[in-house]
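Student: need the 3D shape of this:
(chains A and B)
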Number of protein chains: 2
Amino acid sequence: MRLTKLFTKTGRSTNDEIRAVSHALLIKAGFIHQEMAGVYTLLPLGVRVLNKINNLVRREMDIIGGQEVLMPILQPKDNWLKTGRWKNFDVLFKLKSNHSKTEYALGPTHEEIAIPLVKSFLSSYKSLPFAIYQIQTKFRDEKRAKSGIIRGREFGMKDMYSFHENQEDLHLFYNEVKDSYLKIFKECGIEAKVTKASGGDFSDKHSHEFMAISEAGEDLILACKRCSYAENSEISNLKEGDSCPECKNEISAYKSIEIGNIFDLSDKFSKDFNLEYIDKDGHKKMPVSGCYGLGTTRLIGSIVENSHDEAGIIWPKSIAPFEIHLISLDGAEKESEKIYQELISREVEVLYDDRQDKGAGEKFNDADLIGIPLRVVVSKKTIDKDSLEVKERSSKKEKIVPIKDFLERYE
Amino acid sequence: MRLTKLFTKTGRSTNDEIRAVSHALLIKAGFIHQEMAGVYTLLPLGVRVLNKINNLVRREMDIIGGQEVLMPILQPKDNWLKTGRWKNFDVLFKLKSNHSKTEYALGPTHEEIAIPLVKSFLSSYKSLPFAIYQIQTKFRDEKRAKSGIIRGREFGMKDMYSFHENQEDLHLFYNEVKDSYLKIFKECGIEAKVTKASGGDFSDKHSHEFMAISEAGEDLILACKRCSYAENSEISNLKEGDSCPECKNEISAYKSIEIGNIFDLSDKFSKDFNLEYIDKDGHKKMPVSGCYGLGTTRLIGSIVENSHDEAGIIWPKSIAPFEIHLISLDGAEKESEKIYQELISREVEVLYDDRQDKGAGEKFNDADLIGIPLRVVVSKKTIDKDSLEVKERSSKKEKIVPIKDFLERYE
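Tutor: Next up is the predicted model:
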C-alpha cells in the first residue's frame, strides 16, 4: 500500500473528553475515526489489525474444536422475555419494525439465539460435547462511552457457547478455553491476569475475567505481585498489602481492562429454553453450558495501551497492519520503487511512504506513530553502498543491510 | 471436519411459506437456520461459504484499488436528516437510546457515513481518485421477506464508494468495477446480466444492476437472447419478442435476482455534506462519486438457485465449504481415518463422514445434498485394490483411483 494512495492522514487530534492514550494514538495515527460517542469507523490501517485479530482468534477457536457460525444481530423479543432479560438487561438496545408490531433486541450477547439454535439440532448425548462460536458485532446502550474503542456502544466480539453432559466435562473445556485465551493475548503482547469475578445474577459461582493491566481500565483488580492470582475488586475481600491466598506474597491494586471473560452458565439457559437431550440410559437430561467472550475491537485498544512510547504505537508482529514500513528519501525514488515491487511480488505486506512532498523528519515521525514492526529507509546514502537502513520499531538502533541480503530474508 | 462432531444435521424441513428452492436446500443441507422472517443464522457450512465469498470479494476490490474500512451499523440521525432520507427511506430501521435522546438509524447503506468520513480527510485533488469499501451487515425493514436469504431484513453486503475529480474519471472506475463484478460472479458460476435500471430518486441517469436469472427472483428483466443487453422492466419500454437495441435479436422476459448494483451518484451526496477539495488551480470543487453494492449472503442463495439438481446443491469450487467430502463405509474405518489425516496434514479442506450408524445410501444422499465438489469413498472393495472411489458432484461418473495417486494430487 502506498501512503500517497491512502485516503486517511496522520495527525488528527481528539477531543478533550477522551482519557485513554490508545484512543488518542489510534486516531492520530489513522486507525479509527469517531462517528459519535462509542461508535467508530475502522480506517484501512485499523481494519487490517482487526482482520488479523479475527483470524488469530478464529484459528485458536478452531484448534480447540469450536464450530464457527454467524448468528443474527436482530433478535426476537420473545427469546429475551423467556430469559427475563428483556427488562433486566440494562444496556439492551430495542427497536420496532415500522410495518408490523415485531420488536427486536440488538444483540449485546447471544445466549438468546445460541440456546434455541442448539435446541433445534440436539437430540442425543452422542453429539455432546460441542462448542459454537462467532465473530460478530455487538451493541450495548452504555451510559458513558469515553474510553475510545475500549468501551463502545457498537463493538466487535468473539463469543462462544459450549454444551456438555456434566460439570466435569464443562470444567475441562473451560480450562482449555482459558489456556487458548492466554495464548491469544500473549501473541498480542499482553500478559493477561485471570481474575476471579462475579458469576452474574444467575449464579453463585465465580466467572473469570482476563484483565490487561492499564491506566485506561475501568475495572480495579487485586492481584498478587508475584504469582498470577487476581480477584476483581467488586467481589474481593483482599486489600492492598494483604497476603496472596496462593503464594503469601504482597497484593496490589491495578486498574485494568477486561479483554475476555468466561462463564460457567450451569443449566440456567437450558432451563429457560427447555433444552434437553437423551442420555445413555434413555432419560431426558439438560446439558450444562459455558459462555466465553473475547472483545476484538477492545483488544486493539488494549494492545495500544500496553505497547506504545511517546512517539507512537508499537504493534506486535502477529497483528501489525503491515510487516514493513518502507520509506523513500530524496534521490532514492527509483531504487525504493524497485524494492517495493520486489517485496510485494513476494507477498510481503508493505506500507510504502512514497510521498515526495514530505521530508525525512515527518516520514520518520509517521513511521513511529503508526508503529509497524520494521522500518526500512532507502536514501542516496544507503544506495551508494547498495544497502538500506533497517530499524525495529521497538529498538533505537538502525542497521545498514545490503539490499540483496535483505530481500533474501523474504524468499 | 468430522460429521460426527458437526452440531447441525441434514434433513430439516422448511415451512410452506417459502418459495425459493435455494432456501429449502440451504436449510435441508444445514447451511442456514431461520430465526424469524428475514433473519438467519449461518451454520458452520454456511459460514465457510460466506467467508470464502468475502475473501473473494475482498481480493477483487483490493485489485482495483479499493481501501477496506469498517463503518458502523449505528448511524446518527443527523446525517440521515441531511440527505433527506430519515423520512424518505421507507425500509429504514430506527432506534433510540434508553439513557439519552440519541436516535440512530441501523445502516441499510452507508453514504451517510462514508461521505462525512471522506470529508474529514479530503483536502486536495492530489488525493483523488480513491475508493473505500467494507464488508458489513445491513438492515432493511422489508415488508415481506419470503425468499430465504435472497431477501433478508439483516444481510451481508460489500459496499464501495468512489470519489473523483470529474465524470470521465468516475466513468473509468465504474467500468472497472463492472468488470470486477462480472469476474466475481463468474467465479461463483453465475453469468450475470448487466441490466440498465433506474438511477434512484436523485438522478435521471441509469444505474446498472447485476442480475442472476432465476425463478426465485423478484425482479423482471427484458434481456436479449443472444447478446448481453438487458433492461429492468421497471424502466424498460421493451416487450417480449421485440428487437434488441444492440444486436436486433429477440428480447425475452426473465425473473431475476439482483446480486449487485452500481450507481453514478454524481455530486448528490457531496452537496448534502458540502464535501469539497482544492483543485489544481486553487479553486474549491465538489468531487463526484459512485457507489457499488454486492450482496454477499444473497449471493449464497443465488448460487444455489443457479447450481443444483434434484438431489441437492452443486457448489462451484472457489466458494465450496470444503474441497472434499470423504465417506468411510463399513469395514474401511481405519483406512479412511488414515486418508483423512493425510489430507488435513496437507491443509486440504475435508468434510469427513465418519458416522458409523449410517448406511452407504444415507451417506451418499447427504453428500449430494451438501454439494461439495469432490466425493471420495473408501470401502472394503476399494481398499482391496489400494484405491478409493472419486466422483465429481457435477458428474455421474465414479472413478477408481489408487490411494497413492490421489494423495499425490495434494502434495
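Student: what residues does the stretch 51-200 of chain A put near chain B?
Tutor: Counting by C-beta under 8 Å from any C-beta of the partner chain, the stretch 51-200 of chain A comes close to chain B at A:51, A:65, A:67-76, A:90, A:92-95, A:97-99, A:102, A:106, A:113, A:117-118, A:120-122, A:126-127, A:130, A:132, A:134, A:137, A:139, A:141, A:143, A:153-154. To be clear about C-beta, it is placed using only N, CA and C from the backbone, and glycine gets the same treatment.
Student: neighbours around the residue in the stretch 301-411 of chain A that chain B sits nearest to, how many?
Tutor: Taking C-beta to the nearest C-beta, chain B has its nearest neighbour within the stretch 301-411 of chain A at A:Asp357, 8.6 Å off. For A:Asp357, the count of nearby residues is 7 (other C-beta atoms under 10 Å in any protein chain shown).
Student: same question, A:Tyr410
Tutor: 14.
Student: A:Lys82 now?
Tutor: Neighbour number of A:Lys82 under other C-beta under 10 Å is 17.
Student: so what's it closest to, chain neighbours aside?
Tutor: Nearest in space to A:Lys82, with sequence neighbours left out and distances taken as C-beta to C-beta, 6 or more residues apart in numbering or on different chains, is A:Asp272 at 5.2 Å.
Student: can I get the CA coordinates of the strand or helix carrying the one you found in CSV?
Tutor: Assigned by DSSP states H and E, A:Asp272 belongs to helix A:268-273. Output in CSV follows, covering the C-alpha atoms of helix A:268-273 (Å, rounded to 0.1, in the frame of the first residue of the first chain):
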residue,chain,number,x,y,z
LYS,A,268,-29.5,-21.6,33.6
PHE,A,269,-30.2,-21.1,29.9
SER,A,270,-31.0,-24.8,29.3
LYS,A,271,-33.9,-24.4,31.8
ASP,A,272,-35.1,-21.1,30.2
PHE,A,273,-35.4,-22.8,26.8
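Student: for it, buried residues please.
Tutor: A:268-270, A:272-273 (16 or more other C-beta atoms under 10 Å in any protein chain shown).
Student: give me the residue from the stretch 151-300 of chain A nearest chain B.
Tutor: For the stretch 151-300 of chain A, C-beta to the nearest C-beta, closest residue to chain B: A:Glu154, 4.9 Å.
Student: and A:Glu335, what does it touch?
Tutor: Residues near A:Glu335 by C-beta atoms under 8 Å, 6 or more residues apart in numbering or on different chains: A:378, A:383, A:403.
Student: excluding its backbone neighbours, what's nearest A:Cys188?
Tutor: Closest to A:Cys188 by C-beta to C-beta, 6+ apart is A:Ile303, at 5.2 Å.
Student: packing partners for the helix or strand hosting the one you found?
Tutor: In the assignment (DSSP H and E), A:Ile303 maps to helix A:296-306. Helix A:296-306 is packed against helix A:21-28, helix A:44-63, strand A:154-164, strand A:206-213, strand A:251-266, with contacts defined by 3 or more C-beta pairs under 8 Å, 6 or more residues apart in numbering or on different chains; DSSP states H and E.
Student: got phi/psi on A:Ala367?
Tutor: With angles defined as degrees, to the nearest 10, A:Ala367 sits at phi -60, psi -40.
Student: and the pLDDT at it?
Tutor: Looking at A:Ala367, its pLDDT is 98.
Student: how about the one 5 residues further on?
Tutor: Reading off the per-residue confidence, A:Ile372 sits at a pLDDT of 98.
Student: sort out for me which of the residues of the stretch 51-200 of chain A next to chain B are in strands.
Tutor: Among those, the subset assigned to strands under DSSP state E consists of A:67-68, A:74-76, A:93-95, A:106, A:130, A:132, A:134, A:137, A:139, A:154.
Student: and which of those is nearest B:Ser307?
Tutor: Nearest to B:Ser307, judged by C-beta to C-beta, of those is A:Glu68 at 23.5 Å.
Student: the helix holding A:Asp272 - what's its average pLDDT?
Tutor: Rounded mean pLDDT across helix A:268-273 is 96.
Student: got it, and stretch A:288-302?
Tutor: Rounded mean pLDDT across stretch A:288-302 is 97.
Student: for that stretch, C-alpha coordinates in CSV please.
Tutor: Provided in CSV are the C-alpha atoms of stretch A:288-302 (Å, rounded to 0.1, in the frame of the first residue of the first chain):
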residue,chain,number,x,y,z
VAL,A,288,-24.8,-27.6,31.1
SER,A,289,-23.2,-24.8,29.2
GLY,A,290,-20.4,-22.3,29.3
CYS,A,291,-20.0,-19.0,27.5
TYR,A,292,-16.7,-17.4,26.5
GLY,A,293,-16.3,-13.8,25.3
LEU,A,294,-13.3,-12.0,23.8
GLY,A,295,-13.6,-8.4,22.8
THR,A,296,-11.9,-8.0,19.4
THR,A,297,-12.1,-4.2,18.9
ARG,A,298,-11.4,-3.6,22.6
LEU,A,299,-8.4,-5.8,22.2
ILE,A,300,-7.0,-3.3,19.6
GLY,A,301,-7.3,-0.5,22.2
SER,A,302,-5.7,-2.7,25.0
